[in-house]
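Student: curious how this folds, go ahead:
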Amino acid sequence: MIPYRPEPFTNFADEQNMKAINKALEKVSAELGRDYPLVIGGEEIMTEDKIVSINPSAKHEVIGRVAAADQALADKAMNAAWETFKTWSRVPAEERAGYLFKAAAILRRRKHEFSAWLMLEAGKSRAEADADTAEAIDFMEYYGRQMIELQDRGRQTLVHLPGEDNHLDYIPLGVGFIIPPWNFALAIVVGMTTSAIVTGNTVILKPASQTPVIAYKFYELLVEAGLPVGVVNFLPGRPEVIGDYLVDHPKTRFISFTGSRAVGLRIHERSSKVKPGQIWMKRLVAEMGGKDAIIVDKDADLELAAQNIVASAFGFSGQKCSACSRAIVHEDVYETVLNRVVEITKGLKVGDVRDASNYTGPVIDEKAFNKVMEYVEIGKQEGRLVLGGKPAGDEGYFIEPTIFADVAPNARIMQEEIFGPFVAFTKVRDFDHALEVANNTEYGLTGSVFTRNREHMARARAEFHVGNLYINRKCTGAIVGVHPFGGFNMSGTDSKAGGPDYLLQFTQPKLISEVL
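Tutor: Below you'll find the predicted structure:
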């Protein structure tokens, strides 16, 4: 088998690549406004209730209308998934992995088409959409190989005992409830779904209400790859109707969730309660956000630091769990770094991502828009607004990249996840103080340190309490197989998506011992 290598990003400075993505954008634009079914055991079902997906760059534009499940359909999906589990769980690991490799090959051929859907439904720029699609390909290629390795591991790692044949089988759990976010509407949907099915589980996939169409397109891709019916049951639905219901369901074996702290903790609490007829403790894999910081030491490469603060804070309008929302800067270089970040940010254009000259697009919806604007008002009471803080057009949910300076470490805008184009600067006395401030949140997902001081690098490795620590690079942009992703504390279960241990979350090791 060819060794895994991350999918390369598309160079849109190449005229041919730009023509290709624009052609895909035209194709996808002609398909807007359609109705999509939910799918249970291969049966397509339309419902009266529809989830309407809109283009956040153009609020008048409907991406699609997707059937919304009720609790009866949720039960139907659960029963279909369990019935399919009886056969799918017995399919050899290599064969299960093969479906992922086929799907990855199809997605690679249709990369620009899927990126175009991400541009329109999620408001991603060409570069951000391309990275999302590349990551989706990576997840399938990587997890397929990891499953084959995991199967071999169980036969190779045990201590030999004469007269016995012993090995571990990593067997699947059962039916999983997959609850992905909207911000990586393809990559995380793909990663969460395929990690569960390649290990032999069947799933109920409830896509985010903001981005259900791209999730349906992925379901179609799995069908094209030949995945047996019932392995993935596509079940859009309103969280208040089917969310708690399936979390609580006694047949739910595990829940894979990416989203907010509040929702993650709700799922954690509910899933820990045993329902009548339930004979297992449900497993929860949760990624719940962050309040990520970039530390800039006094001897750092200040230009490099400033460029990376901007990229980490404002790429995809700051709508990444890993986005830099806190800049912690040594007092000796504070004004220099702040002024340079402001200068760079002033050059960023915000608007409809179909215009390639726009660096970044909208926040995802009206709720997100209102939340960010509320935090702008809070920020005016807690710091000095030096840039942005205003809407950037009426057609979509656009917000100017926003920078607050001179913010106290305990301020709300330094503690609470905002999830928008918003960064707060705070000044520190020395590196000890910087680490103290960096660790002063309930989250622990990502962080960066810019320094030339080797002793400070070593200190950061040991003391900066985050799941993903980066030195002299941005705190966003984890690559599958290179930067296993997951955080500490209220950032979740640190399951390390895209890493060598991730598939263990969806298996249970069974020892088989035979006397020879």
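Student: quick check: buried residues in the top helix by length along the chain?
Tutor: As assigned by DSSP state H, the longest helix anywhere in the chain is helix 126-156. By neighbour count on 16 or more other CB atoms under 10 Å, the buried set for helix 126-156 is 126-148, 150-151, 153-154. Using the backbone N, CA and C atoms, a C-beta is placed for each residue, glycine as well.
Student: from the contact counts, what lies against that helix?
Tutor: helix 93-109, helix 111-122, strand 164-172, helix 187-198 (3 or more CB pairs under 8 Å, 6 or more residues apart in numbering; DSSP states H and E).
Student: now the ones you listed as a markdown table including mean pLDDT?
Tutor: Listed next are the helices and strands packed on helix 126-156 as a markdown table, based on pLDDT from 0 to 100:
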| stretch | mean pLDDT |
| --- | --- |
| helix 93-109 | 98 |
| helix 111-122 | 98 |
| strand 164-172 | 93 |
| helix 187-198 | 98 |
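Student: looking at the ones you listed, spot the one closest to Met414.
Tutor: Closest approach to Met414 among the helices and strands packed on helix 126-156 is made by helix 187-198 (26.6 Å; CB to CB).
Student: could I get the CA-only coordinates of that closest one as CSV?
Tutor: C-alpha atoms of helix 187-198 as CSV (Å, rounded to 0.1, in the frame of the first residue of the first chain):
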residue,chain,number,x,y,z
ALA,A,187,-13.8,17.7,6.8
ILE,A,188,-15.2,17.1,10.3
VAL,A,189,-18.3,15.4,9.0
VAL,A,190,-16.1,13.1,7.0
GLY,A,191,-13.7,12.5,9.8
MET,A,192,-16.3,11.8,12.4
THR,A,193,-18.3,9.5,10.2
THR,A,194,-15.6,7.5,8.5
SER,A,195,-13.6,6.9,11.7
ALA,A,196,-16.8,5.2,13.2
ILE,A,197,-17.7,3.1,10.1
VAL,A,198,-14.2,1.9,9.2
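Student: can you say which of the helices and strands packed on helix 126-156 is nearest to Lys291?
Tutor: Ranking the helices and strands packed on helix 126-156 by proximity to Lys291 (CB to CB) places helix 187-198 first, at 19.5 Å.
Student: sheet partners, orientation included, of the next helix or strand after that closest one?
Tutor: On the C-terminal side of helix 187-198, the closest following helix or strand by DSSP states H and E is strand 202-205. Applying DSSP bridges, strand 202-205 is found paired with strand 175-179 (parallel), strand 232-234 (parallel).
Student: buried sites along the helix or strand Ile309 falls within?
Tutor: For Ile309, the element it lies in under DSSP H and E is helix 302-314. Neighbour counts using 16+ other CB under 10 Å place Leu302, Ala305, Ala306, Asn308, Ile309, Val310, Ala311, Ser312, Ala313, Phe314 of helix 302-314 among the buried residues.
Student: likewise for stretch 360-379?
Tutor: 360-365, 368-369, 372-373, 375-376, 379.
Student: you'd agree Lys427 is in a strand?
Tutor: Yes: judged by DSSP: H, G, I helix; E, B strand; the rest coil, Lys427 forms part of a strand.
Student: and it, how many neighbours does it have?
Tutor: Lys427 has 22 neighbours, counted by other CB atoms under 10 Å.
Student: what do you get for Ala30?
Tutor: Ala30 sits with 8 neighbouring residues when counted by other CB under 10 Å.
Student: do you know how far it is from Glu220?
Tutor: Going from Ala30 to Glu220 by CB to CB, to the nearest Å gives 17 Å.
Student: I'd like to know the average pLDDT value across the host helix or strand of Asn79.
Tutor: Assessed by DSSP H and E, Asn79 sits inside helix 71-88. Taken as a whole, helix 71-88 has a mean pLDDT of 98.
Student: packing partners for that helix?
Tutor: For helix 71-88, the packing partners by 3+ CB pairs under 8 Å, 6+ apart are strand 38-40, strand 175-179, strand 202-205, strand 232-234, helix 244-248.
Student: do that again at 6 Å, thanks
Tutor: On a contact count with 3 or more CB pairs under 6 Å, 6 or more residues apart in numbering; DSSP states H and E, helix 71-88 meets strand 38-40, strand 202-205, strand 232-234, helix 244-248.
Student: okay, angle between it and strand 164-172 too, please.
Tutor: Helix 71-88 and strand 164-172 meet at an angle of 150 degrees, taking axes from the mean of the first three to the mean of the last three CA atoms, to 10 degrees as the criterion.
Student: tell me the angle of helix 71-88 relative to helix 187-198?
Tutor: Using the same axes, to 10 degrees, one finds that helix 71-88 and helix 187-198 are set 50 degrees apart in direction.
Student: sketch out the low-pLDDT regions of the protein for me.
Tutor: Within the chain, the ranges that satisfy pLDDT under 70 run 154.
Student: before we move on, back to that, what's the closest of the buried residues of helix 302-314 to Pro509?
Tutor: Of all the buried residues of helix 302-314, Pro509 sits closest to Ser312, with 38.1 Å by CB to CB.
Student: dump the residue contacts of the nearest residue to the closest one once chain neighbours are set aside.
Tutor: Nearest non-adjacent residue to Ser312, counting by CB to CB, 6 or more residues apart in numbering: Cys324, 3.6 Å away. With contact taken as CB atoms under 6 Å, 6 or more residues apart in numbering, Cys324 is in contact with Asp292, Ile294, Ile309, Ser312, Ala313, Cys475.
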